[in-house]
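Peer 1: Any chance you can model this:
(2 chains)
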Amino acid sequence: MILPHLQIARAHWVLGALFLAILIEEYVPLMGSDGRPVRSRSLFVPWGLMIGAVGVWATTVFADVVHDMLVHTLWGDILFAAGALELARRRGVYERPWLDSVLPLAFVCWGSLFVIHVVMEPAAVGGGWHLAMGLLLIAGGILEVVRLQLRRAPRIPLAALPLTGFALALIVIPVSQAT
Amino acid sequence: MAVPTLPRDERRTVRSAFVQPRLVVALLLVAGAVAWAAVRGLHAYGLTPVGVAYTLDQPPVLLALVGVWLCYRSRAR
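Peer 2: Sure thing, here's the model as predicted:
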């Protein structure tokens, strides 16, 4: 079964909105009553990542191109692994310093897969957009890795900008492809 | 004449009550969604479960839903 363009666009819109909500929840701080920024550490982020992984894996069933199947499966794997590790940490069952790097590295891996996707099929529709989206994810991941090394980090992480750009692109670009 | 000022802690409380970054982002998202819906238009797909899902799964509606959810999540805790 191969899905028409509009259905593919619908799936991307939902995933884009989910990713946008995850990013804002994770990177836009809540100001506490004392005026200090508080990171939410809510369970919505890991659950959102894992639900997104299931959505991305679904592409493996509906895709008609082998490299689409492969790349989407790997995207789902990375999302699920990141979600599972974050869930374990936020539930307090597994706490290690390196877990801070899980989300940034997941973004870098995810972005690299976008680039690999383009390299595997350079003539595909929207190749330029895929490349731009991959680079936004890689930039977001690298900025977040750098932020983790800083003693005084900015109130709103700089990585939020490219990552939000990626999420909005995931919503907007399929609109132009579907119409 | 000296201008009366609030103590530092109270200033922080007042500032945090008005400048909640999430609320700013939420309002931007809702405004963007309204503008997008005005330009692009929205479709109603009926009241069947699939129709409701299709109606909600439109980019401006999704952006507005994220914005409204964010408003809820930006309340002080």
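
Peer 1: Identify the residues contacting residue A:174.
Peer 2: Going by Cβ atoms under 8 Å, 6 or more residues apart in numbering or on different chains, residue A:174 touches A:8-9, A:12-13, A:16. Where C-beta positions appear, they are placed from N, C-alpha and C, glycine not excepted.

Peer 1: Which element, helix or strand, includes it?
Peer 2: Secondary structure from DSSP states H and E places residue A:174 in helix A:160-178.

Peer 1: Kindly report the same for residue A:50.
Peer 2: Per DSSP H and E: helix A:44-62 holds residue A:50.

Peer 1: now the helices: where do they sit in chain A?
Peer 2: A:5-27, A:44-62, A:66-91, A:102-120, A:127-149, A:160-178 (DSSP state H).

Peer 1: Could you tell me the least trusted of the ones you listed?
Peer 2: Set side by side, the helices of chain A differ in mean pLDDT, and helix A:160-178 is lowest with a mean of 84.

Peer 1: Flag every buried residue along that one.
Peer 2: A:160, A:162-175 (16 or more other Cβ atoms under 10 Å in any protein chain shown).

Peer 1: Against which helices or strands is the helix holding residue A:50 packed?
Peer 2: helix A:5-27, helix A:66-91 (3 or more Cβ pairs under 8 Å, 6 or more residues apart in numbering or on different chains; DSSP states H and E).

Peer 1: Any chance you could list what contacts that helix?
Peer 2: With Cβ under 8 Å, 6+ apart as the criterion, helix A:44-62 contacts A:1-3, A:8, A:11, A:14-15, A:18-19, A:21-22, A:25-26, A:68-69, A:72-73, A:75-77, A:79-80, A:82-87, A:90.

Peer 1: Over to stretch A:18-27?
Peer 2: In contact with stretch A:18-27 (Cβ under 8 Å, 6+ apart) are residues A:39-40, A:42, A:44-45, A:48-49, A:51-52, A:55, A:103, A:156-157, A:159-160, A:163-164, A:166-168, A:170-171, B:22, B:25, B:63, B:66, B:69-70, B:73.

Peer 1: I'd like to know which of those are buried.
Peer 2: Counted by 16+ other Cβ under 10 Å, the contacts of stretch A:18-27 give A:40, A:44-45, A:48-49, A:51-52, A:55, A:103, A:157, A:159-160, A:163-164, A:166-168, A:170-171, B:22, B:25, B:63, B:66, B:69-70, B:73 as buried.

Peer 1: roughly how far is the helix holding residue A:174 from the heart of the chain?
Peer 2: 11 Å (Cα atoms, centre = their mean, to the nearest Å).

Peer 1: any idea of the angle it forms with helix A:5-27?
Peer 2: Per axes from the mean of the first three to the mean of the last three Cα atoms, to 10 degrees, the angle that helix A:160-178 makes with helix A:5-27 is 170 degrees.

Peer 1: Helix A:160-178 relative to helix A:127-149, how many degrees between them?
Peer 2: Angle, helix A:160-178 to helix A:127-149, by the same axes, to 10 degrees: 160 degrees.

Peer 1: OK, contacts around the residue nearest the centre of chain B?
Peer 2: In chain B, the centroid-proximal residue (Cα atoms, centre = their mean) is residue B:26; its distance is 2.7 Å. Each residue near residue B:26 by Cβ under 8 Å, 6+ apart is listed here: B:67-68, B:70-71, B:74.
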